[in-house]
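[1] Okay, sequence plus prediction incoming.
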Amino acid sequence: MTEHLTKDTFIEKVFDFEKNKEWKYNGELPCIIDFYADWCAPCKMVAPILEELSEEFKGQMNVYKVNTEKEQVLASVFGIRSIPSMLFVPKEGNPQMAVGALPKESLINAIREVLGVKKEVVEA
């Protein structure tokens, strides 16, 4: 299940950008943060894929969503200029940004490579 983040929940669960200059991830599990807008057609295409992945990798990673229209501070902190933009946040190390509507295979590769989540996904 994907979870929508506000500025406050982002600070609590991901990164307190108001207090820290250096990246320090607050989460227990690696995560993907989807920066989107309700009017964005490619965002709507990616949403069900992210929902599926959040179920397939449940307990190994989290999937968060940030509405760039409502959370403009978060969008500006991360320099979001194009949506969808996805931030892949590993447990250790720096996050990596990907821009555009990525297909499911590319997302799975990023989950394995960037996030280090190695669970095999069984295709139905």
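    Looks like it arrived, so ask away.

[2] Isn't I80 up against D34?
    No: with contact defined as CB atoms under 8 Å, I80 does not count as touching D34 (10.8 Å). (Each C-beta comes from the backbone N, C-alpha and C, glycine too.)

[3] quick one: low-confidence ranges for the chain?
    119-124 (pLDDT under 70).

[4] so the residue nearest the centre of it, which of the three states?
    Nearest residue to the geometric centre of the chain (CA atoms, centre = their mean): I33, 1.6 Å. What DSSP: H, G, I helix; E, B strand; the rest coil gives for I33 is strand.

[5] any idea how far it is from E3?
    In this view, I33 and E3 are 10 Å apart by CB to CB, to the nearest Å.

[6] Repeat that for V14.
    V14 sits 11 Å away from E3, going by CB to CB.

[7] Look at the two and report which has more neighbours.
    V14 (22 against 12; other CB atoms under 10 Å).

[8] That one and T6 touch, don't they?
    No: look at V14 against T6 with CB under 8 Å: they stay out of range, at 11.3 Å.
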